[in-house]
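Q: Sequence and computational prediction follow.
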Amino acid sequence: MKQKILFACIFFTFLFLQNTIYAQQNLFNIPSGDITEHKKFFYQHQFNVYEDKLESKAHVVYGLGKGWDAGINIVGKGIYFGPNWRALYNDNPDKGAVYPIAMATVQKQFVISHDWQINAGAQAGWNLSNKIQNKQLNHFSYLIGSYHINNGSKLVGGFYNTNKMFVGQGNTFGVMGGYECKIAKRWYLMGDWVSGNNDASVSVLGGMYNLSKRIQVCAGWLLPNPNTPKPMGVVIELNLLGWDLY
């Protein structure tokens with residue numbers, strides 16, 4: 001069984017690389033298909049490091065029970081590196097996604113079987129621009145399915161819909177997929193991919209390590225799709241859970 005899981009990870013990694021190779025609990029950039037436990041919190045902080053800047057994303061989610069969770073995301077905070085150090089900020093939609101953005105999130109999971117679940121979710125909010133004409137609703141909604149191969153390993157895939165204020169120029173509808181493969185008690189291979197040519201259309205290939213029962217550290221290589229505005233970069237992610245993993 002472990003050989004089958006490892007083969008599935010390698011296959012999906014190869015598939016994403018052939019293409020050159022966002023949220024509630026995430027893999028890197030797409031929803032993980034998990035629901036935060038009832039009356040528990042989940043916090044995730046992600047740093048995308050590029051040659052000239054650092055992007056920061058923060059997600060806090062609370063489990064509502066009966067397959068529901070909800071939370072708040074702050075997306076697009078960060079800094080440009082020297083010689084002119086400055087905060088990340090864009091209030092001109094003609095130059096891409098407008099940011100930073102504060103968004104409310106909600107997600108519902110439907111259990112199909114022990115191995116299969118379907119999640120429907122949405123994020124919506126307003127950017128923090130001081131220009132009133134930019135106070136349009138930003139949104140990102142999705143429908144994904146997740147399949148658990150073995151305890152701790154899974155494949156995730158589905159569809160997303162968004163708007164240009166959130167992802168800049170390019171497509172506003174697409175597909176996404178990812179995997180999480182347990183290779184040891186604390187080690188996982190992990191990756192995801194968002195289709196299209198907008199600001200969010202990237203792949204991240206990497207892994208995750210459980211520092212403790214409630215702390216996870218993830219890292220990966222960010223690879224933009226062709227004809228997207230993103231450069232290559234490195235992703236570092238910290239997950240804090242309000243319940244024991246094992």
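A: Happy to help now that I have it.
Q: Tell me who's in contact with residue 235.
A: By CB atoms under 8 Å, 6 or more residues apart in numbering, the contact set of residue 235 is 28, 46-49, 204, 206, 218-222. (Glycine included, C-beta is placed from N, CA and C.)
Q: now, which of those residues sits nearest residue 76?
A: Using CB to CB, residue 48 is the member of the contacts of residue 235 that lies nearest residue 76, at 10.3 Å.
Q: could you list every residue that touches that closest one?
A: 54-57, 78, 222, 233-235.
Q: So among those, where is pLDDT lowest?
A: Note: of the contacts of residue 48, the lowest pLDDT belongs to residue 78, at 82.
Q: for that one, helix, strand, or coil?
A: With DSSP: H, G, I helix; E, B strand; the rest coil as the basis, the three-state label of residue 78 is strand.
Q: partner residues bridging it?
A: Note on residue 78: beta-bridge partners residue 55, judged by DSSP bridges.
Q: Can you name the residues that contact it?
A: Here residue 78 is in contact with 48, 53-56, 87-88 (CB under 8 Å, 6+ apart).
Q: what's near enough to touch residue 104?
A: With CB under 8 Å, 6+ apart, residue 104 has these contacts: 70-73, 123-125.
Q: lowest-confidence helix or strand of this protein?
A: helix 2-18 (a mean of 41; mean pLDDT, DSSP states H and E).
Q: Which positions in the helix or strand following it come out as buried?
A: Next helix or strand after helix 2-18 toward the C-terminus (DSSP states H and E): strand 41-49. Within strand 41-49, the residues scored as buried using 16 or more other CB atoms under 10 Å are 41-42, 44, 46-48.
Q: would you list those in TSV and tack on pLDDT?
A: Shown next, in TSV, are the buried residues of strand 41-49 (pLDDT from 0 to 100):
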residue	pLDDT
41	96
42	96
44	95
46	94
47	94
48	93
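Q: Let me have those in JSON lines, extended by distance to residue 210.
A: Compiled in JSON lines, the buried residues of strand 41-49 are given as follows (distance: CB to CB, whole Å):
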{"residue": "41", "distance to residue 210": "18"}
{"residue": "42", "distance to residue 210": "14"}
{"residue": "44", "distance to residue 210": "14"}
{"residue": "46", "distance to residue 210": "17"}
{"residue": "47", "distance to residue 210": "19"}
{"residue": "48", "distance to residue 210": "22"}
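Q: tell me the mean pLDDT over the one helix or strand residue 104 maps to?
A: Take DSSP H and E as the rule and residue 104 turns out to sit in strand 101-111. Strand 101-111 shows a mean pLDDT of 94.
Q: Next, find the distance separating residue 111 from residue 118.
A: Counting by CB to CB, to the nearest Å, the gap from residue 111 to residue 118 is 8 Å.
Q: Appreciated, that's everything.
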